[in-house]
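Trainee: Sequence and computational prediction follow.
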Amino acid sequence: MLQIQAALLWAYAVGATSALAAGRQLQVWERITAGEGPRTRSHAANPYLALTLLFAAVLMVPTGLFLLWQNPSWATMHVARGHDDVWAGFVLAYAGGIPVGAVLGFLAARALVLVGAGY
């Protein structure tokens, strides 16, 4: 199990790992869509980015929020004693930060994979 503060770093790592795992497919996809218009070259059209975002939003966010609800003291590294001590903005930042961290990690690793620095 993972504390909420560390989960944002893990989300970045999950996104980067996803891009690295799909490195060859990303390179082929870039070559295929090189001559096409901006609609197919956008990040929104990238299926690997969409799957990474889906993984983060469907699996990582609910499990983290469940752990925060069940163990607020432990999940916040003993900053909060109970549910009343957890600031709602903290929960919102976590729920929105996990997908954002995964996307940022994916895009950073994707840029490195496309220039040939996969490792």
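Mentor: Good, I have the coordinates. Residues are numbered from 1 along each chain as shown.
Trainee: What is the burial count for H83?
Mentor: By the criterion of other Cβ atoms under 10 Å, H83 has 10 neighbours. The C-beta positions use only the backbone N, C-alpha and C, and glycine is treated the same way.
Trainee: That one touches S73, doesn't it?
Mentor: No: assessed by Cβ atoms under 8 Å, H83 is found out of contact with S73, at 9.9 Å.
Trainee: CA-only coordinates of stretch 50-68 in CSV, if you can.
Mentor: C-alpha atoms of stretch 50-68 as CSV (Å, rounded to 0.1, in the frame of the first residue of the first chain):
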residue,chain,number,x,y,z
ALA,A,50,-5.4,6.9,-23.7
LEU,A,51,-4.8,3.5,-22.2
THR,A,52,-2.3,4.9,-19.7
LEU,A,53,-4.8,7.6,-18.7
LEU,A,54,-7.6,5.0,-18.4
PHE,A,55,-5.4,2.8,-16.2
ALA,A,56,-4.5,5.7,-13.9
ALA,A,57,-8.1,7.0,-13.7
VAL,A,58,-9.8,3.6,-13.3
LEU,A,59,-7.3,1.7,-11.1
MET,A,60,-5.0,4.1,-9.3
VAL,A,61,-7.4,6.9,-8.3
PRO,A,62,-10.2,4.7,-6.7
THR,A,63,-7.7,2.5,-4.8
GLY,A,64,-5.9,5.5,-3.4
LEU,A,65,-9.2,7.2,-2.4
PHE,A,66,-10.4,3.9,-0.8
LEU,A,67,-7.1,3.7,1.2
LEU,A,68,-7.5,7.3,2.3
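Trainee: Only the buried residues of it, if you could.
Mentor: 52-53, 55-56, 60-61, 64-65, 67-68 (16 or more other Cβ atoms under 10 Å).
Trainee: ok, now stretch 79-90?
Mentor: Counting neighbours by 16+ other Cβ under 10 Å, stretch 79-90 gives 80, 86, 90 as buried.
Trainee: CSV please, covering these and showing distance to F106.
Mentor: CSV is the format used below for the buried residues of stretch 79-90 (distance: Cβ to Cβ, whole Å):
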residue, distance to F106
A80, 31
V86, 29
F90, 25
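Trainee: Many thanks, we can stop here.
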